[in-house]
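# pasting the sequence and the predicted model now:
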Amino acid sequence: MGPGLEIEGLQKSFGERHVLRGLTLSADRGEVLAVLGPNGAGKTTLMSVIAGLLRPDGGSVQVLGTDVAGGAKALRGRLGLAGQEIAVYPVHTVEENLRFFGSLGGLRGRELTESVDGLIDALELTGQRGQRAAELSGGQQRRLHAGCALVHRPEVVLLDEPTAGADPQTRLRLLEVVQRQAARGTLVVYTTHYLAEVEELRARVVVLAGGRIVADGTVDGLIAENTRSELALRFDGEPPEIIWPGARVLADTVFLPTARPAVDIVKALEAVAGHRERLQGVEIARADLERAYFNILAGEASHDTSPVTAPA
């Protein structure tokens, strides 16, 4: 559908702290781009630069072909942002908040009404339509907050941890709305610490660490490249030696790589032979994005002296 975001050599520092170090990245409209990374990796700074809230120290950022450093007015109705902190008008109703932000984005008349009605329905806020934002539950406020970034029908939307602290219903509704937005051609840039969401969205994934991009690919591709399923056999006492390609031992557990868990579990039980009476449990540790993510960070940390911490 054409480029929605083009970043070249992006740099941003705060004093002596270098937050973004020469990022180069592009993403197309109709794509969900999940930006992952530990706390302090530069995710929120990146979102703020893309939104035009922070000026870069070097490099360039173009949104829909417009340089954000000097084209904020041109992007006003084409870009949407929902930051980490909920930002709605507490004394105004759900409908009033949505209508206000929709009009700021340039919608008028029937188009504005249709967009407001559609989001209220999609976000399951119909019963709260006339309720003041201050009276909503936390999850309902989180949905309204995201809705205010989407109501003017932007071509690029930035969602910075939109489901942080959200209940399962809120998370489900927001993911459905994100998928719907991408399907109609919106570029959605999405940060989260909930990696299961990224798998559900089938997003393209970019991993930041130390202000740099350390991985970029599809969910399936990153899983295949950075992790594998394993059988975990836990023993009472020291595990026996098991002849198995790639086997590793950690404390009382033997981990056996497998591409066919259902078949290999039978082989594994045969391999332990006379030690079965000491076998305490067998588990299948399936490859997923979370394991791939931590392996990526661990691999990066082994090549970098700067600390990498796990997300909170």
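Sure thing, it's come through.
# now name the helix or strand holding Lys73.
helix 72-75 (DSSP states H and E).
# per-domain residue ranges of this structure.
The chain is divided into the following domains under automatic domain parsing: 3-223, 228-286.
# ok so, going back, centre of the chain to the helix holding Lys73, how far?
Relative to its chain's centre, helix 72-75 lies at 26 Å (Cα atoms, centre = their mean, to the nearest Å).
# who's in contact with that helix?
Outside of helix 72-75, the residues that reach it under the criterion Cβ atoms under 8 Å, 6 or more residues apart in numbering are Gly52, Val63, Leu64, Thr66, Val68. Yep, even glycine has a C-beta here, placed from its N, CA and C like the rest.
# which element follows it toward the C-terminus?
Downstream of helix 72-75, the next assigned helix or strand under DSSP H and E is strand 79-82.
# can you put the domains of the chain in a markdown table and add mean neighbour count and distance to Ile296?
Below are those laid out as a markdown table (neighbours: other Cβ atoms under 10 Å; distance: least, Cβ to Cβ, whole Å):
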| stretch | mean neighbour count | distance to Ile296 |
| --- | --- | --- |
| domain 3-223 | 19 | 5 |
| domain 228-286 | 14 | 14 |
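# okay if I get those as JSON lines plus distance to Tyr293 and mean pLDDT?
Putting the domains of the chain into JSON lines (distance: least, Cβ to Cβ, whole Å; pLDDT from 0 to 100) gives the following:
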{"stretch": "domain 3-223", "distance to Tyr293": "6", "mean pLDDT": "95"}
{"stretch": "domain 228-286", "distance to Tyr293": "14", "mean pLDDT": "91"}
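# contacts only, for Val188.
Contact partners of Val188, counting by Cβ under 8 Å, 6+ apart, are Glu31, Val32, Leu33, Val157, Leu159, Val178, Gln181, Ala182.
# need the contact list for the residue lying closest to it once chain neighbours are set aside.
Nearest in space to Val188, with sequence neighbours left out and distances taken as Cβ to Cβ, 6 or more residues apart in numbering, is Val32 at 4.8 Å. Contacts for Val32 (Cβ under 8 Å, 6+ apart) come out as Val178, Gln179, Ala182, Val188, Tyr190, Leu201, Arg202, Ala203, Arg204.
# fine by me, thanks again.
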